[in-house]
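**Q** have a look at this prediction, sequence included:
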Amino acid sequence: AEIGLNLPEFKESEKWVTLGAYRMQEHLDRDFHEDGCHSERCPSSYSTIVYRDPRNLAYLMEEFGGYEDEVAELRPPLERTLTHWMYLMSPLGTQPAVNDGGRGRFNYDFFVEGGRSFNRPDFLWTAKNLLGASVNEVVEPPSGTSMDFRPSGFAVMRQDWTRQSPYMAINYGPWGGGHSHADLLSFELFAYGEAMAVDAGIGVSYDDPLHRPWYVTSKAHNMMVFGDQELDRRDAVGLDPVWATHDGIDYFSAEHRGYESLGISHRRHFLFMKSRPSAPEALPYFFVFDVFSSAREPWKASFVVHSPMPSPRSGVGHFANDSAGLLVITPDAVETSFGTGMANLGGVSSPGRRPIEWLSLDQLTVGQGQVDDLPVVLFPYEGDTPPYVLVRRRENPGPPGTIYLAVTNESITDHIIISDGSYR
């Protein structure tokens, strides 16, 4: 199509343009999810490439003129992709590290050009405030903060659009082909200008000797790992997802069958307790509640979290640097294990490639179809002193797989109930 546009003197040039535009539209229709995410589900490099080419074609056809209908068909999918990128963007302006996609900063030119082309002041706001672009137009922050994208399977929770905002990106979507990693219902967590829990499964290149033995494995991701085994990613996807977002709270849950070969079922609940005007002293935090069962023999269940911040070893589940930290708290008696693994931290930490620490909270499933659970509070904080946080189970008359939890932070206590949705 570009050859036909630039060399109109050839008698076949118009056919080249028509065929090229048709193939590009076919690519947008077949290779992208309806929410704007590319089917490989790698928000960085691969998605950037497959966005760039139809964007360039639409620009050229508009500049040369006479192709208004073709341009009108190409543009809406491009706007959806930019919207998808905008909401997935971390407070530090980076792409979430998903599958083989790296963790670099987004190129602000995409959002500046898209903001002007689609009349989207929120794209321009993102380019200016999170990516450092020089923008003279009127800008507006995005209308929402948290978003659930289906069918691509990403949920994003955030307090606001500042660099200090708590943020969690959850990956629950389908297998995206050969670039997929063995993780599901995994997450990344940022807060107070720091990357606090990251996907460690990002290497430098495919000839990195750690690519297969570490980066693509389940344990290199922030997820529940069973029996130290790899999740069957090809057949795993978040099932029966539930999403709700409000001023003071976000909620997401889904289940999967990625460990069905072991006889294991698993549902994971995510709760974001936001700071709220009614209780300004209450700090924001995340609550992850895993519910699982083994139909046959018991298996080890491991809540794994990776952090680029060091662990001071002053207590179970504490990562911190000089300016911020993350508490990983469970009210249950669990075994804990620690280790390090290589990670590529480009865009969020220096040096960009180095070993980082991981923590695993381990318990043994009962087996024989009995339901187990593990509640974990992820409490980010600012400064060099961790706050007082107490997490307690309260008496719960509900069936297995439900919980009544009390989380006390300083003088505020949140009472959290996760039920099975049944009316009684």
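**A** Yep, that arrived. Residues are numbered from 1 along each chain as shown.
**Q** from the contact counts, what lies against the helix or strand Tyr51 falls within?
**A** Counting by DSSP states H and E, the element that carries Tyr51 is helix 45-64. Applying 3 or more Cβ pairs under 8 Å, 6 or more residues apart in numbering; DSSP states H and E, one finds that helix 45-64 contacts helix 2-6, helix 13-31, helix 68-88. Where C-beta positions appear, they are placed from N, C-alpha and C, glycine not excepted.
**Q** tell me which of those helices sits most buried.
**A** Greatest average neighbour count among the helices and strands packed on helix 45-64 goes to helix 68-88 (a mean of 19), per mean count of other Cβ atoms under 10 Å.
**Q** okay, now the unreliable bits of the chain?
**A** 45, 313-316, 422-424 (pLDDT under 70).
**Q** most centrally placed residue in it?
**A** Centroid-nearest residue in the chain, with Cα atoms, centre = their mean: Ala169, separated by 2.6 Å.
**Q** tell me which residues touch the residue lying closest to that residue once chain neighbours are set aside, please.
**A** Nearest non-adjacent residue to Ala169, counting by Cβ to Cβ, 6 or more residues apart in numbering: Pro96, 4.4 Å away. Taking Cβ atoms under 8 Å, 6 or more residues apart in numbering, we find Pro96 in contact with 43, 88, 90, 103, 154, 169, 171, 188, 199.
**Q** between those, which sits nearest Gln25?
**A** Pro43 (22.5 Å; Cβ to Cβ).
**Q** could you give the bridge partners of Leu359?
**A** Val305, Phe338 (DSSP bridges).
**Q** distance of it from His269?
**A** 20 Å (Cβ to Cβ, to the nearest Å).
**Q** returning to what we had before: which single one of the contacts of Pro96 is nearest to Ser323?
**A** Ser90 (16.9 Å).
**Q** which SS class is the closest one?
**A** coil (DSSP: H, G, I helix; E, B strand; the rest coil).
**Q** in JSON lines: the contacts of Pro96, plus distance to Val288 and secondary structure.
**A** Listed next are those as JSON lines, based on distance: Cβ to Cβ, whole Å; DSSP: H, G, I helix; E, B strand; the rest coil:
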{"residue": "Pro43", "distance to Val288": "22", "secondary structure": "coil"}
{"residue": "Leu88", "distance to Val288": "19", "secondary structure": "helix"}
{"residue": "Ser90", "distance to Val288": "19", "secondary structure": "coil"}
{"residue": "Arg103", "distance to Val288": "21", "secondary structure": "coil"}
{"residue": "Phe154", "distance to Val288": "17", "secondary structure": "strand"}
{"residue": "Ala169", "distance to Val288": "13", "secondary structure": "strand"}
{"residue": "Asn171", "distance to Val288": "14", "secondary structure": "strand"}
{"residue": "Glu188", "distance to Val288": "13", "secondary structure": "strand"}
{"residue": "Asp199", "distance to Val288": "15", "secondary structure": "coil"}
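**Q** make TSV out of these and add distance to Ala1.
**A** Compiled in TSV, the contacts of Pro96 are given as follows (distance: Cβ to Cβ, whole Å):
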residue	distance to Ala1
Pro43	27
Leu88	30
Ser90	35
Arg103	33
Phe154	31
Ala169	35
Asn171	35
Glu188	38
Asp199	37
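**Q** and of these, the nearest to Val291?
**A** Asn171 (18.7 Å).
**Q** hmm, that closest one is touching Ser180, no?
**A** No - using Cβ atoms under 8 Å, Asn171 is not in contact with Ser180; the gap is 10.2 Å.
**Q** the more surrounded of these two?
**A** Asn171 (25 against 21; other Cβ atoms under 10 Å).
**Q** hey, what's that one bridged with?
**A** Beta-bridge partners, per DSSP bridges, of Asn171: Phe154, Ser186.
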